[in-house]
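Enquirer: next come a sequence and a model predicted from it.
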Amino acid sequence: MAHKIGVIGDKYSVMPFKLFGFDVRYGMSARQIRDSIEQMAAEDYGVIFITEEASEQVSETINRYRSRIQPAIILIPSNAGSKGIGKKAVQKNVEKAIGQNIL
């Protein structure tokens, strides 16, 4: 069974993902972003991409899903550029998986 993929963030950062058939949700306020994550999780989305700026507003919601297999919440840079938050999360997961930071 194929799972759906969602993207959450500001309009200009996530609009291009529509070209790939992803479910795109625009969210600027913490409530909109949180509601989108909760709704996508309830609807069995496999992956949710979220911009780093949006993730900063709902870190407690994202942390709640970190220990779950699904949905995988992946931080991506916005059109304004990367803040390095997503890269730090990947480094932390790699270090946890193999015992050292190889990145």
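Expert: All right, it came through fine.

Enquirer: how about the contacts made by the residue lying closest to Ser29 once chain neighbours are set aside?
Expert: Closest residue in space to Ser29, ignoring its immediate chain neighbours: Gln57 at 7.6 Å, by CB to CB, 6 or more residues apart in numbering. In short, each C-beta sits where N, CA and C put it, glycine included. Counting by CB atoms under 8 Å, 6 or more residues apart in numbering, Gln57 makes contact with Ser29, Ala30, Ile33.

Enquirer: Gln57 and Ile69, how far apart?
Expert: Separation of Gln57 from Ile69 (CB to CB, to the nearest Å) stands at 24 Å.

Enquirer: which stretches of the chain have low pLDDT?
Expert: Within the chain, the ranges that satisfy pLDDT under 70 run 1, 81-103.

Enquirer: of the contacts of Gln57, buried ones?
Expert: Burial by neighbour count, 16 or more other CB atoms under 10 Å: within the contacts of Gln57 this picks out Ile33.

Enquirer: and which of the contacts of Gln57 is nearest Tyr12?
Expert: Minimum distance to Tyr12 across these is 15.7 Å, recorded for Ile33 (CB to CB).

Enquirer: any idea which element that closest one lies in?
Expert: For Ile33, the enclosing helix or strand under DSSP states H and E is helix 30-42.

Enquirer: ok, and what's touching that helix?
Expert: Identification of contacts with helix 30-42 by CB under 8 Å, 6+ apart yields 4, 6, 8, 23, 25-27, 48, 50, 54, 57-58, 61-62, 65, 70-71, 73.

Enquirer: quick one, the following helix or strand past that helix and helix 30-42 angle?
Expert: The helix or strand immediately downstream of helix 30-42 is strand 45-51, counting by DSSP H and E. Orientation check (axes from the mean of the first three to the mean of the last three CA atoms, to 10 degrees): strand 45-51 against helix 30-42 gives 160 degrees.
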